[in-house]
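no sequence on this one, just coordinates:
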Ligand SMILES: O=P(O)(O)O[C@H]1O[C@H](CO)[C@@H](O)[C@H]1O
Ligand SMILES: O=c1cc[nH]c(=O)[nH]1
């Protein structure tokens, strides 16, 4: 029962899907952590693998970058493949001295300028929310592993490269100080909105890859391979 964007058969996708933006991060997770991983989608290079972790079935699939992209893939997974829960595992830029490079952030909400949810379902608020039960389960998994997580709102942005501006405070200082956003990424607002309208569960774990307040930055290779703590938490949650 393939879709225009996914040529997996229905039974080839597990009930729980881990979704990094980068399809090569999905391949890394399959190669590093899964047993008996099988490539089940490669349409548009959006690699998806299904295997097991400690005997539990799981699929890892790239979402691409931005809300339109994760909007398509997550909607199809929930609606056409009967997926119950999607855990995004992404990279993020820190807006706060509380979130340092390689720290893991658990999103408690996603604040966004995106029109995705309004257009998709008429939802006209600028903040969407993960599943409370799934977040609790991720907290318990992190605790079992002894991995520290920072929690808070995140900014889901439609724009990666903004034109420089002299505005003070900056847009990101306002998001931090007025909305409590710890960091920025580009997908969770749409993922949470899709899960909510379809009665499914979603959550988002992020690893800080760069910072708006200090010059620290990680390479593309590190982003692909070194974000293992959030991967371990998401897998332990199974
Ligand atoms: O590392 P991923 O999961 O792709 O997440 C972040 O990285 C991309 C931008 O570089 C955006 O997709 C953003 O959300
Ligand atoms: O969306 C993102 C992800 C990582 N770093 C950023 O600055 N933005």
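In hand now; what should we look at? Nothing here was measured: the structure is a model prediction, and the numbers come from that model. Numbers count the residues shown, from 1 in each chain. Ligands and ions are numbered 1, 2, ... in the order given.

can you map out the strands along this structure?
Ranges of strands within the chain are 16-19, 35-41, 48-53, 56-61, 85-94, 104-112, 127-128, 149-156, 181-185, 201-211, based on DSSP state E.

Now do the closest residue to residue 228 other than its chain neighbours, the pLDDT please.
In space, and not counting its chain neighbours, residue 228 is closest to residue 32: 7.7 Å by CB to CB, 6 or more residues apart in numbering. Bear in mind the C-beta positions are built from the backbone N, C-alpha and C, glycine included. Model confidence at residue 32, expressed as pLDDT, equals 95.

returning to what we had before: wait, which of the strands of the chain is closest to ligand 2?
strand 85-94 (2.6 Å; CB to the nearest ligand atom).

The closest one close to ligand 1?
Yes - remark: strand 85-94 sits within contact range of ligand 1 at 90-91, by CB under 6 Å from any ligand atom.

Now do that strand: which elements does it pack against?
strand 16-19, helix 67-79, helix 132-145, strand 181-185, helix 188-197, strand 201-211, helix 228-236 (3 or more CB pairs under 8 Å, 6 or more residues apart in numbering; DSSP states H and E).

again, only using 7 Å
Packed against strand 85-94 by the contact rule (3 or more CB pairs under 7 Å, 6 or more residues apart in numbering; DSSP states H and E) you find strand 16-19, strand 181-185, helix 188-197, strand 201-211, helix 228-236.

burial of the residue nearest to residue 228, as a residue count?
11 (other CB atoms under 10 Å).

Please tell me how far it sits from ligand 1.
From residue 32 across to ligand 1, the span is 17 Å (CB to the nearest ligand atom, to the nearest Å).

Now do that residue against residue 171, distance only.
37 Å (CB to CB, to the nearest Å).

For the residue of the chain found nearest ligand 1, which residues are in contact?
In the chain, the residue that lies nearest ligand 1 is residue 21 (2.0 Å; CB to the nearest ligand atom). With contacts defined as CB atoms under 7 Å, 6 or more residues apart in numbering, residue 21 is in contact with 62-65, 90, 187.

What backbone torsions are found at it?
phi -70, psi -40 (degrees, to the nearest 10).

Return the residues of the chain in contact with ligand 1.
20-22, 65, 90-91, 160, 185-187, 223.

So residue 156 is in contact with residue 193, correct?
No - the pair residue 156 / residue 193 is not scored as a contact, 9.8 Å apart, by CB atoms under 7 Å.

So which of these two has more stuff around it?
Applying other CB under 10 Å to residue 156 and residue 193 shows that residue 156 carries more neighbours, namely 32 against 28.

Tabulate the helices and strands packed on strand 85-94 (a markdown table), appending mean pLDDT and distance to residue 42.
Formatted as a markdown table, the helices and strands packed on strand 85-94 follow (pLDDT from 0 to 100; distance: least, CB to CB, whole Å):
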| stretch | mean pLDDT | distance to residue 42 |
| --- | --- | --- |
| strand 16-19 | 98 | 16 |
| strand 181-185 | 98 | 25 |
| helix 188-197 | 99 | 22 |
| strand 201-211 | 96 | 24 |
| helix 228-236 | 96 | 21 |
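
Is it possible to get CSV of those that adds distance to residue 1?
Output for the helices and strands packed on strand 85-94, formatted as CSV (distance: least, CB to CB, whole Å):
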stretch, distance to residue 1
strand 16-19, 16
strand 181-185, 31
helix 188-197, 19
strand 201-211, 22
helix 228-236, 26
